[in-house]
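Undergrad: what's the 3D shape of this:
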Amino acid sequence: MSTTARPSPRPRSRSEAHALFHLQAGGAKILNLRHIPGDTSAAALLERGIVRVDRRTAWGNPHVVGRDGSRQRVIELYRQDLWRRIRSGDLPLEKLAAIAHMPLACHCAPSRCHAEVLARAAAWAAKRLEKSSETP
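TA: Here you go, the predicted model:
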């Protein structure tokens with residue numbers, strides 16, 4: 001299965017441009033939902049080529065800073081959970097690879113965020129699928 005990169009959305013306003021923090025995590029941009037104007041529902045963002053990855057979505061980090069540990073700890077817990085889902089087959093590589101070249105939107109940016117882990121995993125999945133499709 002081939003994944004096609006969607007072009008990065010062009011900011012429609014100064015505040016939307018501000019939302020593009022350009023945090024490089026596996027080549028993906030991590031956006032702050034608070035700075036994206038207009039409808040920020042998962043469906044509306046997806047129409048704009050942006051994937052919402054907060055706790056309201058399946059991509060969200062269920063671990064909470066404070067309750068479950070430090071920011072670094074909850075990101076690590078998310079990383080462990082994500083790889084467990086990948087290894088078990090609960091998260092197909094195709095689904096993960098499909099978001100590899102799309103901006104991800106969460107509330108944390110520009111602070112460290114689980115979206116960085118997700119972006120790296122998505123880039124890895126896309127490369128792995130690309131290599132497997134090249135193998136005869």
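
Undergrad: what is the subsequent helix or strand relative to the lowest-mean-pLDDT helix or strand in the chain?
TA: Least confident helix or strand, the chain: helix 14-19 with a mean of 48, by mean pLDDT, DSSP states H and E. Sequence-wise, the next helix or strand downstream of helix 14-19 (DSSP states H and E) is strand 30-32.

Undergrad: which positions in whichever strand or helix holds Arg120 come out as buried?
TA: With secondary structure defined by DSSP H and E, Arg120 is part of helix 114-134. Neighbour counts over helix 114-134 (16 or more other C-beta atoms under 10 Å) mark 114-126, 129 as buried. The C-beta positions use only the backbone N, C-alpha and C, and glycine is treated the same way.

Undergrad: do the same with stretch 70-79
TA: Val74, Ile75, Leu77, Tyr78, Arg79.

Undergrad: contacting residues for the fourth one?
TA: With contact set as C-beta atoms under 8 Å, 6 or more residues apart in numbering, Tyr78 has these partners: Asn61, Pro62, His63, His114, Val117, Leu118.
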